[in-house]
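Novice: predicted model, plus sequence, below.
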Amino acid sequence: TTFTVGDGSATTCPLFIGYPETQNTITVDEEQKKIGTFSAVSGTSDSIVYSVESAGGGQTLHQEVEINSSTGELKFLTTPDADTNAGDVSGMNRGELLLVATSTNNPNLSNTMLLTVNLRNLNDNPPSISTSSISGDENQTSIGCISVSDADHGPLSAPISGSTACSNPKEITDTKNREAATYTYSVIGDNITISDDGRLSFIEAPDYEAITSYDATVTVSDGVFSTSKEIVVIVNDVNDNSPSITSDTTFTVDENQIGVGSITISDPDTINSFTYTIDADYQDGSLFSIDSSGVITFIAVPDYETKSVYKLRVNISDGAYTLTQIFTIILNDICDHDILIDASNYSSIYQYDGFKGTGTLQMREDYDLQISHGRDDIRQNSQWFANIEFNSSDYDVCAAPDFTEIFDLSLSGPDADYFELSTST
């Protein structure tokens, strides 16, 4: 209630009418400078001058505003933005100041009002999607949450351990400090769906061996603004296939060397690491070794004449599945034995001295000595001198394929020119 004393023209102390006596709080929309007009009353013969002062306690709002000294209109010097502290009401509190109304007729007459200024956060920014790619394992439908933020929404709560809920913007209720916003999530893309909080899922569980990725377009709307972004959904390969052997399970190798061969593996999965082990307790397993690449070798040099066929069992694991395979090793017999000479009937006319394919023939010049050895059919200077028979202890392989052994003979030495060789079967 206002009372007028006299004709109302006397100079009086200015009064802020219609405001609380102690403190006044005002909330104004962000993105505008005007805070409000705060008028005081005095005598009709007087005029009022308006100003602002610090409210004390380190408050600085009085330095961020200006006031019309004649009308009491209060403005921010620069357009305020509540988004830097969106969602935090205390952060949107711009502070306090003192409004001062002073009589022109009598500057000693003045009045103050404590004013608190808050900003109202408006829905004036589009959502932002930071996810460019996301992945999910094959053989199941879960993918994960896209990452969405909005300057108007403010800080997001941390994900709850064990929860499948996404920490993305949700509905904002309209209040004196916040403008309402309703967030919706949608996706366009093959075999992809999205929840109301931004969690992506496969519609049907994918198979990495059939498809490795999907292209999708995600759209997030806050009821005023919409943001769309293309993302890649990668299908993660998991170890869900057993390996198979593509190499032969029979190796044929020559005797007298340790190399056998390599096991080659096929596995549709791309994340495998194979290990190879030989079962030493199975047949000939203890005679072999295998390295990390699947290369089989004899531990000792094999001999065909001792053993020609071997069997071993190999276990092959990709970390999830184990394949067991029996391998057969067949040795090739090679001509690896000494040439034998039947010297029993010719000791009188040639000398055998460690003969192995080549030897030394010595002519006996003493005819009488030849007779004493029972050979009277050979004469000095005769064309047919001696018949030498050869054989091999490895007959089958050395005589292959028609079981006829073939030897290369030659003459050497200072007197080789005096002799010639002829062959007969």
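Specialist: Right, received. Where do you want to start?
Novice: which residues does Asp215 bridge with?
Specialist: Val232 (DSSP bridges).
Novice: so it versus Ile234, what's the distance?
Specialist: The gap separating Asp215 from Ile234 is 11 Å, by CB to CB, to the nearest Å. Using the backbone N, CA and C atoms, a C-beta is placed for each residue, glycine as well.
Novice: the two: who's more crowded?
Specialist: Ile234 (15 against 12; other CB atoms under 10 Å).
Novice: ok, now which ones touch that one?
Specialist: Neighbour list for Ile234: 133-136, 212-213 [criterion: CB atoms under 8 Å, 6 or more residues apart in numbering].
Novice: quick check: which element contains it?
Specialist: strand 226-236 (DSSP states H and E).
Novice: C-alpha coordinates for that strand, CSV please?
Specialist: What follows is strand 226-236 as a C-alpha-only set of coordinates in CSV (Å, rounded to 0.1, in the frame of the first residue of the first chain):
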residue,chain,number,x,y,z
SER,A,226,18.8,-32.3,-35.2
THR,A,227,22.2,-33.7,-35.9
SER,A,228,23.1,-36.6,-38.2
LYS,A,229,26.3,-38.4,-38.6
GLU,A,230,27.6,-41.4,-40.6
ILE,A,231,29.3,-44.0,-38.6
VAL,A,232,30.9,-47.4,-39.3
VAL,A,233,29.8,-50.4,-37.3
ILE,A,234,32.7,-52.9,-37.3
VAL,A,235,32.0,-56.6,-36.8
ASN,A,236,34.7,-58.1,-34.5
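Novice: elements contacting the next helix or strand after it?
Specialist: Sequence-wise, the next helix or strand downstream of strand 226-236 (DSSP H and E) is strand 244-245. Secondary-structure packing of strand 244-245 (3 or more CB pairs under 8 Å, 6 or more residues apart in numbering; DSSP states H and E): strand 265-266, strand 322-332.
Novice: residues contacting Pro80?
Specialist: 30-33, 94, 119.
Novice: okay, and it sits in which element?
Specialist: Residue-wise, Pro80 maps onto no helix or strand under DSSP H and E.
Novice: where do the strands sit along the stretch 251-400 of the chain?
Specialist: 259-262, 265-266, 275-278, 288-290, 295-298, 309-317, 322-332, 339-341, 390-392 (DSSP state E, counting those that start in this stretch).
Novice: buried residues, stretch 216-231. List them.
Specialist: By 16 or more other CB atoms under 10 Å, the buried positions in stretch 216-231 come out as 216, 218-222, 227, 229, 231.
Novice: identify, from the residues you listed, the entry nearest to Thr246.
Specialist: Using CB to CB, Ala216 comes nearest to Thr246 of the buried residues of stretch 216-231, at 36.8 Å.
Novice: run through the residues that contact the residue lying closest to that closest one once chain neighbours are set aside.
Specialist: Of all residues not flanking Ala216 in the chain, Gly189 sits nearest, at 3.1 Å (CB to CB, 6 or more residues apart in numbering). Taking CB under 8 Å, 6+ apart, we find Gly189 in contact with 214-217, 233.
Novice: sorry, back to before: okay if I get the buried residues of stretch 216-231 as JSON lines plus distance to Thr270 and pLDDT?
Specialist: Output for the buried residues of stretch 216-231, formatted as JSON lines (distance: CB to CB, whole Å; pLDDT from 0 to 100):
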{"residue": "Ala216", "distance to Thr270": "23", "pLDDT": "98"}
{"residue": "Val218", "distance to Thr270": "27", "pLDDT": "98"}
{"residue": "Thr219", "distance to Thr270": "33", "pLDDT": "98"}
{"residue": "Val220", "distance to Thr270": "33", "pLDDT": "97"}
{"residue": "Ser221", "distance to Thr270": "38", "pLDDT": "97"}
{"residue": "Asp222", "distance to Thr270": "41", "pLDDT": "95"}
{"residue": "Thr227", "distance to Thr270": "35", "pLDDT": "97"}
{"residue": "Lys229", "distance to Thr270": "28", "pLDDT": "97"}
{"residue": "Ile231", "distance to Thr270": "22", "pLDDT": "97"}
